[in-house]
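Q: I'd like to go over a predicted model; first the sequence, then the structure.
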Amino acid sequence: MSAALVEVHPDAGALATAIAGELLARLADAQAQGREPQIGLTGGTIADAVHREVARLSPGSEVDWARVVVWWGDERFVAPDDPERNAGQARAAFLDAVGVPAAHVHEMPSTATAADVGTGATAYASELREHGAGEFEVLMLGVGPDGHVASLFPGNAALDVDDAVTVAVTDSPKPPPERISLTFAALNRSRSVWFLVSGEGKADAVARALSETDVPDVHEIPAVGVRGSEETVWFLDREAASRL
Ligand SMILES: O=C1O[C@H](COP(=O)(O)O)[C@@H](O)[C@H](O)[C@H]1O
């Protein structure tokens, strides 16, 4: 597996524009090579900015959104219209605008579609299997100030689930407490893993994750547990990179 790459941009706006442009190029390339790309989305502040830039730049790209399949790395187990939903955020920011067919948008279960978070996690694992979701072309992941990715938080039991592709989290330290997350096994089925990180508040987590001398354990900084089979890129703004 190749070493992680680091790309630093002046600020969050420039970072979002660069990631969106790169995503559109990757999707167009994959389609030109005959693949129907599957992408993994994340939630959070910088992800929202990236999604808005995808919507803005998409008309100038070669991407055929009818041939893109969308999944999520994690989701908050709340009502479907709750503003906390990562899926609602992505739909509003770009999915509705670019016109991904509804059948290609695999939203994780909500309190309206699953009796409880455990049932929801199991249902999403079945959905992944049924649709033959094998490999993400690009998996985007936000990173928390504590080093969490998806809904895999430092010290949480969900980090050790290695016999399933999804896990129900009932005690997330970041609200809301109930979430569904892909496990490391599923997240690592990605050609490209892109970490999207902006702001000074993430600088320590970034420095820990990228330390070559004092490599952290996944229980301490979960982000180090995810790698792409072809590339792993840390897309940072200057503030997030300030302690490297
Ligand atoms: O809880 C979550 O947080 C992270 C990062 O969010 P941010 O607002 O600090 O950028 C996000 O990547 C993850 O998908 C989400 O559920």
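A: Great, that's in hand. Numbers count the residues shown, from 1 in each chain.
Q: what does this structure have sitting close to the ligand?
A: 42-46, 74, 86, 142, 144, 150-151, 174 (CB under 6 Å from any ligand atom). Backbone N, C-alpha and C define where each C-beta goes, glycine included.
Q: Repeat the analysis, applying 8 Å as the threshold.
A: Residues of the chain lying close to the ligand (CB under 8 Å from any ligand atom) are 42-47, 72-76, 86, 141-145, 148-151, 172, 174, 179, 196-199, 201-202.
Q: Quick one, which of those residues are buried?
A: 42-44, 46-47, 72-76, 86, 141-144, 148-151, 172, 179, 196-199, 202 (16 or more other CB atoms under 10 Å).
Q: Was I right to think Gly201 contacts Pro145?
A: Yes. If you go by CB atoms under 8 Å, Gly201 and Pro145 touch, sitting 4.8 Å apart.
Q: just for this protein, where's the confidence low?
A: Along the chain, segments meeting pLDDT under 70 span 1-2.
Q: In it, what residue spans correspond to strands?
A: 5-9, 38-41, 69-72, 74-76, 136-142, 166-169, 179-182, 190-197, 231-237 (DSSP state E).
Q: what sits up against the fourth one?
A: Applying CB atoms under 8 Å, 6 or more residues apart in numbering, the external contacts of strand 74-76 come out as 42-43, 82, 84-87, 107-110, 150-152, 176, 178-182.
Q: can you check the last one too?
A: Residues outside strand 231-237 that contact it (CB under 8 Å, 6+ apart): 1-12, 14-15, 18-19, 191-199, 206, 209-210, 226.
Q: Which one, of the strands of the chain, ends up nearest to Tyr124?
A: Nearest of the strands of the chain to Tyr124, taken as CB to CB: strand 166-169 at 5.0 Å.
Q: Pairing partners for that closest one, with directions?
A: strand 179-182 (antiparallel) (DSSP bridges).
Q: Show me which residues of the partner strand are buried.
A: Here strand 179-182 shows 179-182 as buried, counting by 16+ other CB under 10 Å.
Q: burial of Ala121, as a residue count?
A: 27 (other CB atoms under 10 Å).
Q: Next up, the contacts around it.
A: By CB under 8 Å, 6+ apart, the neighbours of Ala121 are 109, 164, 166-168, 180-181.
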